[in-house]
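Enquirer: Based on what follows, work out the 3D shape:
(2 chains)
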Amino acid sequence: MTTATAALERGTRTARWTVRVLVLVALVWTLVPLGWMLLSSLKATGEVTAPTPSLSFAPTLENYRRLFSGGNSLWPYLRNSVVAAGASALLATALGALAGYGLARSRMRGKHHLSFWIISTRMAPIAAVVLPIFLIFRYLGLIDTLPGLVLAYLSFNLPFAIWLLSAFFAEVPPSLEESALVAGCGNWQAFRHVILPLTRPGLVTTFVLCLVFSWNDYAFALVLSGPHTQTLPIAASQLVTQTGIDWGQLTAIGTVVVIPMMLVGLAVRRWLVTGLTMGAVTGE
Amino acid sequence: MLPMPAFLPARSPATRPPVGRRSLLRGAAAVGAAGLLTACGRAAGASFDAGAAPWRRYAGTTLNFVSENTAPTAAIAANLAPFTQLTGIHVNIVTLELSALAQKVALDLASGNGEYDVVYADPYQVLAPYAPAFADLRDFQENPDLPPLPGGFGDFVATHLDAAGRFEDKEKVLALPYDSATMIWQYRADLFAKYRDRMAADLGFDPTPSDGTTWEQYYAIARWFNEHTDEVKYGTGHQAKQHDSLMCDFSNVLWAYGGDYFDDGARVGSLGATDPGRCRLGSERAVAAAEFYQRLLKIADPGSRTWDWDGLGAAFRAGRIAMCPNFHEYAASNEAVMPGKVGYARLPKGPARAAGMYGGTGIAISGVAPKRRREAAWLFANWATAPKTQLAGLASKVGGGTPTRTSVYAERAVLRAEHRPTKLPNMLTAEAVRETWRPANIGLRPKIPMWGECDTAVYTQLSGLVAGDSSPRATMRATAERIDRITARGWVA
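Expert: Coordinates of the predicted model:
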């Protein structure tokens, strides 16, 4: 073995170990807070805020029992979150696919400006738009309704979905649609049976990201929801009271908020990874 | 369906997909989902039966009550069944953190939405800015068709009714006093008893907290604990985080030293004002108060700069400090962690007087809501502040506030609970708070519509003082200038 080869191998080994260490650090950084939250949610009230936290304790589901029972049960909040976030993500993906496809295949002048304009609507801070949206919704009678929340979430999810999906559609060679058209398909059939299956990772990625954005929203839910439509982030904020924070229940609700999104992410991880990678390298 | 480009041949009817069972099912599912979403919307309206008994006339109505996450509301939420049984009215309670509540109520009232029938009307962030949007409760009290308040308005502690229930007009009542958090002196009675003789010998005065104790003596006691005991890390702790709590903590000293925010401080605090005049924080008395406060914070637990009232309460219960000024409703938590070890007294006096910050709130009825809903809301407000409900709140396992009615404090069970052993631990503070609620001792921050902004200016400047970044004089002058700029803009509700 030559000296140069040995040096190369040493360098490769060092790089490999560096990557492993960085991955480990990233994992610790990400998972320890989540793990701590889960453990805390299983502790009795006194143990959560003990000055010297311990990993050895008798686990209890008391915090979860309190969350899901009594007059302030979490079930209605959970139902509202599922309906509002799910419907909004589905609509955003469906409409985003149609608009994104049109944008990707359009040969109009100023297409890139239009694309940027669409995503730029996502750049405005929520605080800047929430008041006009409140007034419009008030006029339309959409305050404290789930369709209202879905529409509000759609307002920030749709530009993102259009922008993201147009990049995915641009990656698909137009010759595939042309072949489908030559074979007798209509535009819709080509889109439905040829293009959509090919961009499934993009669709899944878009859906998951829109779902997460809506699921975690606090600002719109605070202003537009009411007694009948409050969502999980609002329920979490209610545990910060004038005379203290109920850490046990707060960590339990945190776990309830995080777990569905983790499960969704895990269920579609194959397409999610592909989709995120595709989105990362696209030039559109 | 997307339009077909002109260069493509039109499809023959034979290639058009028929409407199959799956398409039909999909369509039906979509329509169903849309229907479900629409059905999830709110249903409003007040039921009314003129022939029913006064408490039952609105049976079937659903009211919305928006409140800060406070102990009284937690107790009410846990004990709503008796109200629903009595009236047939269902109440949705929405609890929010105070700034979120203020934002929500502002939008609801300003837009005329009327979503919330009963509102937790913080006197400074809700009542003062939106007073015209609340109903005058005298109309309900005087309405022969509605049940009157047991004991009338006069049963409420007078200072509470003014501070939490009125704005500018001495006659109108816009809110019923609902909770009554008040700052008092909380101290480790066990340590004071243990070291009383040594402290008295070293300091030259009896350290036992009393109505005669001064802020200078409080300072000396705190310093004594710092230097002579290991049982606590520091003698005193404060809620001096850059937060509303810092304004509360400082104001006790400000008033004790004879300073105030505005010229007619008592009126601006109790009834409130839209135009309070020039800010007086630049006065020599205010500067003297700031000098003392800066000195006091130098010997306080350094954690004070990171604590609000809740952090301070936790530090006290953890045994870090021997004493602190804090809101009296922490007594129940203190007693749970350190049974029998904590004492309560009115805050020390300064050269001018003794003053304890009042942080009580009322519940108001939205003037935007329709008439029948307002009347149904009256039943709830009436019940929620009734002596019987306040008594139940005191004993509630989920917290509960302290009463705002004088008749409750005269109850035999409540009087007994003022001394250990007690099942109503918040009542251990009764003597201290009653003393603080006297007009001469009450500490009332300015009830002006623009107080939210002024408050931010006050605690932002004070945080510089506490950190030692600015002198007392410069701090007070800068705060006064900022408040003057804010109030000069005026307020249009």
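Enquirer: Now do the contacts for the residue most central in space within chain A.
Expert: Nearest residue to the geometric centre of chain A (C-alpha atoms, centre = their mean): residue A:212, 2.1 Å. Contacts here follow C-beta atoms under 8 Å, 6 or more residues apart in numbering or on different chains; on that basis residue A:212 touches residue A:261. Any C-beta I mention is one placed from the backbone N, CA and C, and that applies to glycine too.
Enquirer: Residue B:418 versus that one, what's the distance?
Expert: Residue A:212 is 53 Å from residue B:418, where distance means C-beta to C-beta, to the nearest Å.
Enquirer: Can you give the domain ranges for chain B?
Expert: B:54-181+B:360-410, B:183-357+B:441-488 (automatic domain parsing).
Enquirer: Among the ones you listed, show the one with the smallest mean pLDDT.
Expert: Looking over the domains of chain B, mean pLDDT reaches its minimum on domain B:54-181+B:360-410, with a mean of 93.
Enquirer: For the closest residue to residue B:360 other than its chain neighbours, what are phi and psi?
Expert: Distances taken as C-beta to C-beta, 6 or more residues apart in numbering or on different chains put residue B:180 closest to residue B:360, at 4.2 Å, once the chain neighbours are dropped. Phi and psi for residue B:180, reported as degrees, to the nearest 10, are phi -150, psi 40.
Enquirer: again, but for residue B:187
Expert: Given degrees, to the nearest 10, the pair of backbone angles that residue B:187 has is phi -140, psi 160.
Enquirer: I'd like the distance between it and chain A.
Expert: 19 Å (C-beta to the nearest C-beta, to the nearest Å).
Enquirer: What sits closest to that residue if chain neighbours are left out?
Expert: Using C-beta to C-beta, 6+ apart, the closest residue to residue B:187 is residue B:323 (3.8 Å).
Enquirer: Contacts only, for that neighbour.
Expert: B:185, B:186, B:187, B:188, B:209, B:218, B:221, B:222, B:225, B:235, B:236, B:237.
Enquirer: In helices, which of the residues you listed appear?
Expert: The helices, defined by DSSP state H, take in B:218, B:221, B:222, B:225 from those.
Enquirer: Separate out the buried members of those residues.
Expert: B:218, B:221, B:222, B:225 (16 or more other C-beta atoms under 10 Å in any protein chain shown).
Enquirer: Strand partners (parallel or antiparallel) of the helix or strand in which residue B:119 is found?
Expert: Assigned by DSSP states H and E, residue B:119 falls within strand B:118-121. Take DSSP bridges as the rule and strand B:118-121 pairs in its sheet with strand B:62-68 (parallel), strand B:361-365 (antiparallel).
Enquirer: Could you dump those into a markdown table with distance to residue A:182 and mean neighbour count added?
Expert: Output for these, formatted as a markdown table (distance: least, C-beta to C-beta, whole Å; neighbours: other C-beta atoms under 10 Å in any protein chain shown):
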| stretch | distance to residue A:182 | mean neighbour count |
| --- | --- | --- |
| strand B:62-68 | 61 | 24 |
| strand B:361-365 | 71 | 30 |
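Enquirer: Reformat these as a markdown table; add distance to residue A:143.
Expert: Shown next, in a markdown table, are those (distance: least, C-beta to C-beta, whole Å):
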| stretch | distance to residue A:143 |
| --- | --- |
| strand B:62-68 | 12 |
| strand B:361-365 | 20 |
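Enquirer: of all the ones in helices among the contacts of residue B:323, which comes closest to residue A:185?
Expert: residue B:222 (84.0 Å; C-beta to C-beta).
Enquirer: pretty sure that closest one contacts residue B:300?
Expert: Yes. At 6.9 Å, residue B:222 and residue B:300 qualify as touching, with contact defined as C-beta atoms under 8 Å.
Enquirer: Identify the contacts common to those two.
Expert: B:234, B:235, B:236.
Enquirer: out of these, who's near chain A?
Expert: Among the shared contacts of residue B:222 and residue B:300, no residue lies close to chain A (C-beta under 8 Å from any C-beta of the partner chain).
Enquirer: Narrow those to those in strands?
Expert: Residues of those located in strands (DSSP state E): B:234, B:235, B:236.
Enquirer: closest to chain A among those residues?
Expert: The nearest member of these to chain A, counting by C-beta to the nearest C-beta, is residue B:234 at 16.2 Å.
Enquirer: And the nearest residue to that closest one once chain neighbours are set aside, how close does it get to residue B:469?
Expert: Leaving aside its chain neighbours, residue B:234 sits nearest to residue B:301 (3.9 Å; criterion: C-beta to C-beta, 6+ apart). According to C-beta to C-beta, residue B:301 and residue B:469 sit 19 Å apart.
Enquirer: Cool, thanks, talk later.
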